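# using only what follows, build the 3D model:
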Amino acid sequence: MRQKMLFTLLFLIVSLPEVRSQIRVGIKAPDFQLPYATKDTIIFEGLKLSDYFGKTAVLLAFYPADWSGGCTKEVCTLRDNFSQLSMLNAEVLGISGDYVFSHHEWAHHHNLPFKLLSDHSHSVAKLYESYNENSGFNKRTVFVIDSTGVIVYIDLHYDVNTAESFTKLHDAMIHMHK
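Numbers count the residues shown, from 1 in each chain. Below is the predicted model:
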């Protein structure tokens, strides 16, 4: 009996699927559609990521919440470097679980020149492995998707407290054009 139980347990362990990250550099970016806000407007029907494929690169910046210190630092860094990022033919998209109404006010308050997407259910954050189950908020992560729709850069631990994370991101975007 004991041997049979051990065999069954061993079989179950061997049969478990390998736990691997689904999101990685080199794969086609998972598509989604989300409502968004800018400093000037709210678009409830949203935007579809794949609409950018074939046209421009996309910088997806997941962040925990509007109006928080670290997130303000992150979006203001993107704002302050927006012209550089635009010259690299990149669309900047911020994503959090906040509603579009908060996004609109926050974008207006900080004069943000890019779209803030509302992923209130966190379904896209989960798809991109950018959701923290324990806190109930998005993780601070960034993804660069080239104009063909392929993920070319991932930073799952984007840090706003030093310039290092932004420098690596910027360098990856420059490298994408070489």
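
# sec struct for the residue nearest to residue 47 when sequence neighbours are not counted, please.
Leaving aside its sequence neighbours, residue 47 sits nearest to residue 36 (C-beta to C-beta, 6 or more residues apart in numbering; 5.9 Å). For glycine as for every other residue, the C-beta is placed from the backbone atoms N, C-alpha and C. Put simply, residue 36 is strand when judged by DSSP: H, G, I helix; E, B strand; the rest coil.

# quick one: contacts for residue 36?
42, 43, 46, 47, 93, 100, 103, 115, 116, 117, 118 (C-beta atoms under 8 Å, 6 or more residues apart in numbering).

# bridged to residue 37, which residues?
residue 42, residue 116 (DSSP bridges).

# ok, it touching residue 109?
No: contact criterion C-beta atoms under 8 Å: residue 37 and residue 109 do not qualify, at 11.9 Å.

# which of those two has more neighbours?
residue 37 (27 against 12; other C-beta atoms under 10 Å).

# gap between the more buried one and residue 87?
To residue 87, residue 37 is 25 Å away according to C-beta to C-beta, to the nearest Å.

# what residues are bridge-paired with residue 131?
The partner residues for residue 131, given DSSP bridges, come to residue 138.

# please look at it and residue 156 and confirm they touch.
No: counting by C-beta under 8 Å, residue 156 is not a contact partner of residue 131; they are 11.6 Å apart.

# okay, and the common contacts of the two?
Joint contacts of residue 131 and residue 156 (C-beta under 8 Å, 6+ apart) are residue 139.

# so between the two, which is more surrounded?
residue 131 (20 against 15).

# OK, contacts around that one?
122, 125, 137, 138, 139.

# how about residue 114?
38, 78, 79, 82, 91, 92, 93, 94.

# of those residues, which belong to helices?
Those of the contacts of residue 114 mapping onto helices are 78, 79, 82, per DSSP state H.

# find me the pLDDT at the second one, would you?
Listed pLDDT for residue 79 reads 87.

# surely it and residue 109 touch.
No: taking C-beta under 8 Å as the definition, residue 79 is not a contact partner of residue 109, at 11.4 Å.

# now do the contacts for residue 58.
By C-beta under 8 Å, 6+ apart, residue 58 lies in contact with 29, 49, 52, 90, 91, 93, 143, 144, 145.

# tell me the least confident of these?
Within those, pLDDT is lowest for residue 90, at 90.

# for the nearest residue to that one once chain neighbours are set aside, give its distance to residue 66.
Spatial nearest neighbour of residue 90, chain neighbours left out: residue 57 (4.4 Å); criterion: C-beta to C-beta, 6+ apart. Separation of residue 57 from residue 66 (C-beta to C-beta): 25 Å.
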